[in-house]
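Undergrad: coordinates for the following, if possible.
(chains A, B, C, D, E and F)
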Number of protein chains: 6
Amino acid sequence: MCPIIMRSEGCRWDSLSLGEVMLRIDPGESRIHTARHFNVWEGGGEYNVARGLRRCFGLRTGIVTAFADNPVGRLAEDLILQGGVDTSLIRWVPYDGVGRTVRNGLNFTERGFGVRAAAGCSDRGHTAISQAQQGDFNWEEIFGPQNGARWFHTGGIFAALSESTVLVAADAMDAARKHGTPVSYDLNYRDSLWKSIGGKVRAQEVNRELVRKVDLLLGNEEDFSAMLGITLEGVSEDFADLPVESYERMLREVAAAYPNLKVIATTLRTAHTASRNAWGSLRTRLCTSPNARLIFWIALEAAIPLHPV
Amino acid sequence: MCPIIMRSEGCRWDSLSLGEVMLRIDPGESRIHTARHFNVWEGGGEYNVARGLRRCFGLRTGIVTAFADNPVGRLAEDLILQGGVDTSLIRWVPYDGVGRTVRNGLNFTERGFGVRAAAGCSDRGHTAISQAQQGDFNWEEIFGPQNGARWFHTGGIFAALSESTVLVAADAMDAARKHGTPVSYDLNYRDSLWKSIGGKVRAQEVNRELVRKVDLLLGNEEDFSAMLGITLEGVSEDFADLPVESYERMLREVAAAYPNLKVIATTLRTAHTASRNAWGSLRTRLCTSPNARLIFWIALEAAIPLHPV
Amino acid sequence: MCPIIMRSEGCRWDSLSLGEVMLRIDPGESRIHTARHFNVWEGGGEYNVARGLRRCFGLRTGIVTAFADNPVGRLAEDLILQGGVDTSLIRWVPYDGVGRTVRNGLNFTERGFGVRAAAGCSDRGHTAISQAQQGDFNWEEIFGPQNGARWFHTGGIFAALSESTVLVAADAMDAARKHGTPVSYDLNYRDSLWKSIGGKVRAQEVNRELVRKVDLLLGNEEDFSAMLGITLEGVSEDFADLPVESYERMLREVAAAYPNLKVIATTLRTAHTASRNAWGSLRTRLCTSPNARLIFWIALEAAIPLHPV
Amino acid sequence: MCPIIMRSEGCRWDSLSLGEVMLRIDPGESRIHTARHFNVWEGGGEYNVARGLRRCFGLRTGIVTAFADNPVGRLAEDLILQGGVDTSLIRWVPYDGVGRTVRNGLNFTERGFGVRAAAGCSDRGHTAISQAQQGDFNWEEIFGPQNGARWFHTGGIFAALSESTVLVAADAMDAARKHGTPVSYDLNYRDSLWKSIGGKVRAQEVNRELVRKVDLLLGNEEDFSAMLGITLEGVSEDFADLPVESYERMLREVAAAYPNLKVIATTLRTAHTASRNAWGSLRTRLCTSPNARLIFWIALEAAIPLHPV
Amino acid sequence: MCPIIMRSEGCRWDSLSLGEVMLRIDPGESRIHTARHFNVWEGGGEYNVARGLRRCFGLRTGIVTAFADNPVGRLAEDLILQGGVDTSLIRWVPYDGVGRTVRNGLNFTERGFGVRAAAGCSDRGHTAISQAQQGDFNWEEIFGPQNGARWFHTGGIFAALSESTVLVAADAMDAARKHGTPVSYDLNYRDSLWKSIGGKVRAQEVNRELVRKVDLLLGNEEDFSAMLGITLEGVSEDFADLPVESYERMLREVAAAYPNLKVIATTLRTAHTASRNAWGSLRTRLCTSPNARLIFWIALEAAIPLHPV
Amino acid sequence: MCPIIMRSEGCRWDSLSLGEVMLRIDPGESRIHTARHFNVWEGGGEYNVARGLRRCFGLRTGIVTAFADNPVGRLAEDLILQGGVDTSLIRWVPYDGVGRTVRNGLNFTERGFGVRAAAGCSDRGHTAISQAQQGDFNWEEIFGPQNGARWFHTGGIFAALSESTVLVAADAMDAARKHGTPVSYDLNYRDSLWKSIGGKVRAQEVNRELVRKVDLLLGNEEDFSAMLGITLEGVSEDFADLPVESYERMLREVAAAYPNLKVIATTLRTAHTASRNAWGSLRTRLCTSPNARLIFWIALEAAIPLHPV
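TA: Model (predicted):
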């Protein structure tokens, strides 16, 4: 395999993410169903990469997404601005005053306590970005010489939003590759998103196509199994015991199936308690990346911090 | 016209309301689009009557509504419990984990300041109660001898939620009347709700039917005009100047058109500033109600208090 | 011993508790004596069982208690309503405007930190419920055929409030048993409550009588010793080391002394730090209960959660 | 009448107050009975004079009071320390762990809103200071040459706490006068405090004696009527219309009845709305005080500020 | 006079501001000296123009300033990012860990209440931007063809920070004019800033030079008097009574003295109470601006909103 | 060595501290650079001893320091008052309205989380106390017969503020010793304070003089090395492994070099995580102190509590 080559000429963005940004509505020390006060943050699997690269490493990043144009969407924009991520590629969709035609995504999340696991309630149906259509974003202008991005990131959550977001993701990845922008993709399997639109069968159909357009793939054993159908031998039902050799074999199998991949990154998280995690990492270095800093972050991004960095 | 006669025998509820209950998400002194913290309350035009009757007058009231069964719905239930309103008639609809099929209603509201008006953003598409179908509630059991209610209240917001809620409201009113339960109906015209489902034409089609099943009708000049097509002569565009004689003439016209009505109540609110209102009231006493306390509250309910009573 | 038989016919309540409900006034992360802000919750040993059964298992529960009728009492009612527990059996006592004749109970509690133990200050003298007299509650109406309860719970905290609450508890238990309602009793020895009204001598005099009316008894080694005079051999002064065999012997001794008991439940809590506890449980199954869910909760209730469930 | 002469030699305190200090528990923008969060302040009619003199004018003041020695009392001490008022004369009474024998006073207060008046709930029965006995404070040591105070202030709220606080106040006033310390007394009639201990008959019996020991008397028309039995002619029931000439005649009647008085100060407050008051003042200058600054404050103190100065 | 001509070609910024940005530390409803909690905002006379143009009108604005590179400076950056104002021209100065050599500006501000005026305490000595030197910013690059700004705004607060900021302002204005960028300047006289560096004498010396480089001048009667020495006849000491004809005469005198000025804008604020202001405006239209929206904002900016727009 | 003899006659203070008091500005659970809300506390190495002795042990303590006389300084005073520490020796320096000449010290501090260490940003340049000069405090009056203190405490942070604070500390220590008041000194080496005023060379020059005036010296291995040049053999670079025998040898070396020392106290803190520390202690008892309680506290004071005691 050849290494990942990044464009060094004057691009407008160091990295662009494509995905949904939701308001994270957080009851602090309380539980959602008995709270009277909430804090709000913004978040989203693909967006978190852009925010982290901006605030930890000072890179110029942007988010490609869509919002219904109402005060809730403008609050999301306000939080993204605070995150330092470029908002100029956000598509604003007129609001109907009710939320029948289009909405913004909300994600109520609560911390675990002792034996009680962290829990949440995502309210992301009918969102503006889930209704994005091919042609909504001008990828040629975005990745072409007038603007340009040194990296492009999207993932399996975005692809699971609707039939049309799969096509949007594919178009974006094609345009990026055409202009020499490396593409990273985080599999990020979410059962709730896929179950009503075809389940794992559809997930694999979609992702086996998209992964062929990827340079750097992120995922763990559950992702590879659910999204690509490549399983880990000898793993227990709850992934409690992960044999490292099997793990490496699985990764090599992924690499063989998708020769376009240049790096596969995976994280091994073991949740000790609701607020303490152990982190391991297993990287199959297929080649050496010339931009270690950026890749390093992408490997970290699965660890959504309690408070924004 | 004959007076409103209330059932005096042992009913389970003094009053039942049928309508949507939304979480009111309130940024306090901030604006929605720059806030980082929100308080939550519950609210809804029809529900507020039940809550007020319970907390101000100690009556036993209940709410007929539906929620998606997730932590957001359970938070609404927690707030209704705090309000002292019976939750046993709430219909719980399974949640899909995403909000594609069913959701709970949210209402972001901010206070005005100086010349800036109060504003809001209701996010109530695809809610459980807007999808309520005929047969979802067993009205015979609710109003019949095993349970029974001394009063029933619903209104034009509920009827505007969808095609099916009109039918649900009609069934409920019919059952109430069959069992001798007086019915009140608050016209409460909301342009945003009607505009995408047929506008004022459809609003009038629907409400002219429903109002025939009503004993006590609530509304102001805008409501009578938009929902029933009965207009006030000599009123200025912005309703700033309301001639009392024309007002009375309009009310008598309503009374003539709907001989089933026993009381028509209307409120005259003039907003001086964002936080100070002047209240007037004009009641066309068509007959004397034997239960002044309950009717008094219904006339007050349009004044949603800043903080729950 | 015969098993606990629960009434299955249409009772109004699944479970009733008799006891004091206090406002829990909580400085959050601060200490009481330097705080400037407090959160309020409601709580009480006997009440917590009713709340838990309602919010965790959805059972219809009620609380029998009394409050001085002032805004503090009404706040307690508001919190109990939120808890979903029926408030219709609360006795409201007129307030004198000062608190000389009757008050409501307050419980200031602070969390521990590191080596500093959690601490509190209960301010519960002269409360309405501590002044409850025989005849204040119509037990015949409560447990009789017009209403009825499937379970009744009270405990040693209530019995320690005053001379008269012992009599109220005894009357309630007698009425419950008369109508076939099983009775649970949580010994819950509190040194501060007993010391000024006769100490352990009086505690044992009172409880030895009350426990004869009980079906399910809850307690730990300190409770059995202080309240019944039945001690555990080989236990160290601070109960740090609890030999399981001695424990079982002690429970069998209790069972022998009170042949009316059908289940004895006990919890073994070891506080590791101020915020982490280890929980064990030792249940001497004297017979199998037909209602495991309810009993399960009662065994859990000693674990007052940081935030309400 | 002769002028008020203040001791100029090296006294330990510029002014001492004798009275109860309560925790003021304040729900902010909410109402008490639906709040979940409270702020705490300290307050008390007599104490407020000491705090204001300390924080507005920098005088060295102290408070003579008593607390039950528990975290609630220590919180009151913490707030008094913040107020800069000397705490060395506070008497600490052992707490029984329950509040049966002795407590600390609490005062729940909420703001009015619109037509709704401000309201409160004082919970001050059985407090440590209400149980103060003659001999609890060593007045000879306090006012004598080893310490000394340039002014002494107490009032009718303290005298209304119990039978014994009347005697404590009388002893303190006698000792102050013996050592040349002028005495001020704020009548401050509170119906709730007097009604269960003899009403206005007892209030007048007590105050007619105490006012004979006073140099500067504070009060309004309701105070003079209820506490001294000297009434204002031509005043309407609700004191809405106060004829100034009658007012002056009443004050001269008070001055004639109590020739020991050197200054009588009275405030005329008209509450426009819940948060806006109009202030007038009417001072019958019987003689000129050599310490205008201190007297000025005492006249102001009835205006308890929303937030501490 | 000729009209203000704005560059229409592709500039990077619609407007740039040069000035200090301070953290505004706000005790909410409390007073600074007794608060325990503070909110933080960002603010600064010149910066507020950039923020308002960005958030109210969606223009692309930037701020030229400097911060000490520590967490306080990074918090200011975080707030500016939230404001949507470009942070790429901020100069970051290394911090010494103590604040001896360089700091960031803080501005403690409290609201008035009733008769008490709003008050504040600015702590802005030794800040990074007050130490800015000629050459610290590359004005040629900023205003030249590679970047470019359609408008440039600075003012008399920036010029009052130090000897060197006067020179920095002059250089920036010269470069702007050279590249055809119109310049606005808000006189904004602050007595506290000028008094220790030469008072009004020095203020006039400095501003008479700077105003010669300005297209649009903002100020009120106090500003024209203190900063330019041009006074208003017939004005009372406290500016309570402002005769409009004198006002216009004064403005025409300013226009005559500085023929380079194309627009002079002035605001007439009358503070009714601490939280209510009346606003008037008097604009001497010397010519018609082609960009009314931008100028409109600058005229508004003196009205710092309670909460950010 | 002879024991520490404390004055037993009637001193005004049990202990006095000389040092800076800063506002501690605390973002709670957030990070400084993304927070919107802060809590404030007061703190300072030397002051903490006075506060702890007052609030934990009830001793009468005072603080000798200086503040700029503005609302920030008055907030610090308000917090010190709450701490119960005598404020009568605070020197108030006129404020210039800007902070160019004199300021008050601020200390922004944030908690660590997981692998992230706690961090802070002290903003203490140009403070009033750092500019204290010889003669600013009347030590003769403070320690002499009219007032007097039973103990005096200062430390190496105060001595590091400026050239002049070294002289102020020396004068204070000389006066204390002259009047028989024992002196404690906490070395407390802070690299950031020393680095721009001469580094460790200057630190040792200064401290070798000051320590000759000390009775009780506090420090750890880093302090002894940086401030006195006495090093610990066999210690690893990061002080991770501290051999106890070497530690004792080092302490004996200190004792030999400064024969005036009567007690040397040192604390061994090992930070396990950001919020859990292990504490050890090693006291070289050179003689027995007659006032164990006071010395005990000084040994504890390095452990700044999360929340004030």
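Undergrad: which helix runs longest in chain A?
TA: Using DSSP state H, we find that the single longest helix of chain A is helix A:163-178.
Undergrad: any chance you could list what contacts it?
TA: Contacts with helix A:163-178, where a contact means CB atoms under 8 Å, 6 or more residues apart in numbering or on different chains, come from A:18, A:64, A:129-134, A:136-137, A:139-140, A:142-143, A:149, A:152, A:154, A:158-159, A:182-183, A:185, A:197, A:206, A:209-210, A:213-214. Every residue, glycine included, has its C-beta placed from N, CA and C.
Undergrad: of the residues you listed, which belong to strands?
TA: A:18, A:64, A:152, A:154, A:183, A:185 (DSSP state E).
Undergrad: tell me how many other residues crowd the second one.
TA: This means residue A:64. Residue A:64: 28 surrounding residues under other CB atoms under 10 Å in any protein chain shown.
Undergrad: do the one 10 residues further on as well
TA: The local packing count at residue A:74 equals 20, with neighbours defined by other CB under 10 Å.
Undergrad: surely residue A:253 and residue A:231 touch.
TA: No - using CB atoms under 8 Å, residue A:253 makes no contact with residue A:231, being 9.1 Å away.
Undergrad: what does stretch A:137-152 rub up against?
TA: Counting by CB under 8 Å, 6+ apart, A:6-18, A:62, A:64, A:89, A:91, A:168, A:171-176, A:178-179, A:181-184, A:291, A:294 sit against stretch A:137-152.
Undergrad: now with 6 Å?
TA: Residues from elsewhere that reach stretch A:137-152 (CB atoms under 6 Å, 6 or more residues apart in numbering or on different chains): A:6-7, A:11-16, A:64, A:171-172, A:175-176, A:179, A:181-183.
Undergrad: correct me if wrong: residue A:220 contacts residue A:265.
TA: No - the criterion here is CB atoms under 6 Å, and residue A:220 misses it with residue A:265 at 9.9 Å.
Undergrad: what segments of chain A are strands?
TA: A:15-18, A:22-26, A:37-43, A:61-64, A:66-69, A:91-94, A:106-110, A:119-123, A:152-155, A:183-186, A:216-218, A:263-271, A:277-284.
Undergrad: for the last one, what is the average pLDDT?
TA: Strand A:277-284 shows an average pLDDT of 44 in the prediction.
Undergrad: ok, the longest one next?
TA: The predicted model assigns strand A:263-271 a mean pLDDT of 68.
Undergrad: now do the shortest one
TA: Confidence for strand A:216-218, expressed as mean pLDDT, is 94.
Undergrad: okay, now the sheet partners of it, with direction.
TA: strand A:183-186 (parallel), strand A:263-271 (parallel) (DSSP bridges).
Undergrad: coming back round to it: so which of the strands of chain A is the most surrounded?
TA: strand A:15-18 (a mean of 30; mean count of other CB atoms under 10 Å in any protein chain shown).
Undergrad: who does that one pair up with?
TA: Going by DSSP bridges, the partners of strand A:15-18 are strand A:61-64 (parallel), strand A:152-155 (parallel).
Undergrad: make a markdown table out of the ones you listed and add mean pLDDT.
TA: Formatted as a markdown table, these follow (pLDDT from 0 to 100):
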| stretch | mean pLDDT |
| --- | --- |
| strand A:61-64 | 98 |
| strand A:152-155 | 97 |
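Undergrad: export those strands to CSV and append columns for distance to residue A:49.
TA: CSV is the format used below for these (distance: least, CB to CB, whole Å):
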stretch, distance to residue A:49
strand A:61-64, 8
strand A:152-155, 5
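Undergrad: any idea how far residue D:181 is from the closest residue to chain D within the stretch 51-200 of chain A?
TA: Of all residues in the stretch 51-200 of chain A, residue A:110 sits closest to chain D, at 17.1 Å by CB to the nearest CB. Going from residue A:110 to residue D:181 by CB to CB, to the nearest Å gives 60 Å.
Undergrad: try residue A:264
TA: 87 Å.
Undergrad: give me the residue from chain A nearest chain D.
TA: For chain A, CB to the nearest CB, closest residue to chain D: residue A:36, 5.4 Å.
Undergrad: that residue contacts residue D:36, correct?
TA: Yes - at 5.4 Å, residue A:36 counts as touching residue D:36 under the criterion of CB under 6 Å.
Undergrad: the closest residue to chain C within the stretch 101-250 of chain A: neighbouring residues, count only.
TA: Residue of the stretch 101-250 of chain A nearest chain C, by CB to the nearest CB: residue A:113 (6.7 Å). Here the number of neighbours of residue A:113 (other CB under 10 Å) works out to 17.
Undergrad: just residue A:146 next, same as before
TA: Neighbour tally, residue A:146, other CB under 10 Å: 9.
Undergrad: distance of it from residue A:137?
TA: Look at residue A:146 and residue A:137: by CB to CB, they are 14 Å apart.
Undergrad: tell me the span between the first and last residue of stretch A:101-118.
TA: End-to-end span of stretch A:101-118 (CA to CA, to the nearest Å): 31 Å.
Undergrad: so what touches that stretch?
TA: A:20, A:22-27, A:31-32, A:67-68, A:72-73, A:93, A:119-124, A:126-128, A:274, B:71-72, B:123.
Undergrad: in the stretch 51-200 of chain A, which residue sits nearest chain E?
TA: For the stretch 51-200 of chain A, CB to the nearest CB, closest residue to chain E: residue A:82, 3.9 Å.
Undergrad: please see if stretch A:23-41 touches chain E.
TA: No - for stretch A:23-41, no contact with chain E is found by CB under 6 Å from any CB of the partner chain; the gap never falls below 12.8 Å.
Undergrad: where does the closest residue in space to residue A:67 that isn't next to it in sequence land on pLDDT?
TA: Distance criterion CB to CB, 6 or more residues apart in numbering or on different chains; nearest residue to residue A:67, sequence neighbours excluded, is residue A:73 at 3.4 Å. Residue A:73 carries a pLDDT value of 98.
Undergrad: residue A:234 too?
TA: pLDDT, residue A:234: 70.
Undergrad: what about it, distance to residue A:250?
TA: Relative to residue A:250, residue A:234 is positioned 10 Å away (CB to CB).
Undergrad: quick one, which of the two is more surrounded?
TA: residue A:250 (23 against 11).
Undergrad: quick check: phi and psi on the residue nearest to the more buried one when sequence neighbours are not counted?
TA: The spatially closest residue to residue A:250, leaving aside those adjacent along the chain, is residue A:232, at 4.7 Å (CB to CB, 6+ apart). Dihedral pair for residue A:232: phi -100, psi 130, per degrees, to the nearest 10.
Undergrad: and residue A:232, how many neighbours does it have?
TA: Neighbour count of residue A:232, defined by other CB under 10 Å: 19.
Undergrad: verify the stated contact: it with residue A:219.
TA: No - applying CB under 6 Å as the test, residue A:232 and residue A:219 come out as separate, 11.4 Å apart.
Undergrad: what does chain A put close to chain B?
TA: A:32-34, A:37-39, A:70-72, A:74-75, A:78, A:96-100, A:103, A:108, A:121, A:123-125, A:192, A:196.
Undergrad: and for residue A:71, the neighbour number?
TA: Residue A:71, neighbours per other CB under 10 Å, totals 22.
Undergrad: hmm, residue A:157 is touching residue A:47, no?
TA: No - using CB under 6 Å, residue A:157 is not in contact with residue A:47; the gap is 10.0 Å.
Undergrad: give me every residue in the stretch 151-300 of chain A lying close to chain C.
TA: Counting by CB under 6 Å from any CB, the stretch 151-300 of chain A has no residue next to chain C.
Undergrad: can you name the residues that contact residue A:66?
TA: Residue A:66 touches A:91, A:93, A:128, A:129, A:132, counting by CB under 6 Å, 6+ apart.
Undergrad: roughly how far apart are it and residue B:42?
TA: 30 Å.
Undergrad: please apply the same query to residue A:44.
TA: From residue A:44 to residue B:42 the distance is 28 Å (CB to CB).
Undergrad: ok, now which ones touch the most centrally placed residue in chain A?
TA: Residue closest to the average C-alpha location in chain A (CA atoms, centre = their mean): residue A:46, at 2.8 Å. Residue A:46 makes contact with A:17, A:19, A:154, A:155, A:158, according to CB under 6 Å, 6+ apart.
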